[in-house]
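J.: Whatever this is, show me its structure:
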Amino acid sequence: MHIPDGYLSPQTFVPLYGASFVFWAVALKKLKKELSAKYIPYLAMAAAFSFLIMMFNVPIPGGTTGHAVGAGIIAILLGPWAAVLAVSVVLIIQAIVFGDGGITAIGANCFNMAVVMPFVSYWVFKLVKGNAKGGARFYAAAFLAGWIGLSVASVAAGFEFGIQPMIASGPDGKPLYAPYPLSIAVPAMAIEHMLVFGIVEGMVTALILKYFVKHESELVYATKEA
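T.: Just a heads-up that it's a prediction; the model follows:
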């Protein structure tokens, strides 16, 4: 899901940088107020986990990659705003140090995986679980949170480079950036993530949540809120 350099036009990556900066600023402000010192090691561990799980990249049609992200479980355990920062740090390091994702696409990749995914996953979990504190519905909500969150993020990525032929073409009509239209880009991203990587994401989310509910239930952010 890491979009490389050369796939997004300035008309796309500049606004997405701006949107990501807004979320980073709000997240920093919120965490300075709300995150106690004892949770800082968990935030670091969450970033390390996300980094590890995203290293298992599988190339897919469309010029990008498929993988799990870990943003859903981070949002459930530490809150969506904490997930914004944890996953963003990972994506920035991957782009700058490892060349995984483009420098110009950092804003887009962060928006998709560190903004869209955490908030979608968090609210899916909250809505599906209802008042459940455990049991089948609770863990089904966790699975769906990971699966739907990753699927929506993949559609967002596919949409971003799928619109490039429509908004950035040369005098001869040839695309200047990503060459694949929406009809190819969105299915290429969505199908693999819904059928493979999203299932992995959902299982990881449910299993890790089950561990924390059993051993450190007070840590789970999504069960503290009404």
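
J.: And stretch 139-155, what's buried?
T.: The neighbour-count check on stretch 139-155 (16 or more other C-beta atoms under 10 Å) flags 139, 141-155 as buried. Every C-beta, even on glycine, is put in place using the N, C-alpha and C of the backbone.

J.: right, and Val124 touches Phe143 too?
T.: No - using C-beta atoms under 8 Å, Val124 is not in contact with Phe143; the gap is 9.9 Å.

J.: ranges for the helices of this protein?
T.: Using DSSP state H, the helices of the chain run over 10-34, 40-54, 71-78, 80-98, 106-110, 117-129, 135-162, 164-167, 182-192, 198-215.

J.: So for the second one, mean pLDDT?
T.: This means helix 40-54. Helix 40-54 shows a mean pLDDT of 88.

J.: for the longest one, same thing?
T.: For helix 135-162, the mean pLDDT works out to 95.

J.: For that helix, what is the distance to the chain centroid?
T.: In terms of C-alpha atoms, centre = their mean, to the nearest Å, the centre of helix 135-162 is found 9 Å from the chain centre.

J.: helices or strands up against it?
T.: strand 64-66, helix 71-78, helix 106-110, helix 117-129, helix 182-192, helix 198-215 (3 or more C-beta pairs under 8 Å, 6 or more residues apart in numbering; DSSP states H and E).

J.: Let me know which of those is tucked in deepest.
T.: When the helices and strands packed on helix 135-162 are scored by mean count of other C-beta atoms under 10 Å, the highest mean neighbour count falls to helix 71-78 (a mean of 31).

J.: For it, which outside residues touch it?
T.: For helix 71-78, the external contacting residues (C-beta atoms under 8 Å, 6 or more residues apart in numbering) are 39, 42-43, 46, 49-50, 82-83, 86-87, 113-114, 117-119, 121-122, 125, 142, 145-146, 149-150, 153, 201-202, 204-205, 208-209, 212, 219-222.

J.: where does the closest residue to Val14 other than its chain neighbours sit relative to Trp81, distance-wise?
T.: Spatially, and ignoring its direct neighbours in sequence, Val14 is nearest to Gly107 (7.7 Å; C-beta to C-beta, 6 or more residues apart in numbering). Separation of Gly107 from Trp81 (C-beta to C-beta, to the nearest Å): 18 Å.

J.: What of Asn112?
T.: Distance, Asn112 to Trp81, by C-beta to C-beta: 17 Å.

J.: So which of these two has more stuff around it?
T.: Neighbours around Asn112 and Trp81, counted as other C-beta atoms under 10 Å, are more numerous at Asn112. The numbers are 31 against 23.

J.: isn't Leu31 right up against Ala83?
T.: No - the pair Leu31 / Ala83 is not scored as a contact, 10.7 Å apart, by C-beta under 8 Å.

J.: where does this structure have its least confident helix or strand?
T.: For the chain, using mean pLDDT, DSSP states H and E, the weakest element among its helices and strands is strand 64-66, scoring a mean of 68.

J.: in this structure, which segments are predicted with low confidence?
T.: 60-65, 225-226 (pLDDT under 70).

J.: change it to 80
T.: Applying pLDDT under 80 to the chain picks out residues 35-39, 55-66, 225-226.

J.: most centrally placed residue in it?
T.: For the chain, Met113 is the residue whose C-alpha lies nearest the centre (C-alpha atoms, centre = their mean; 2.1 Å).
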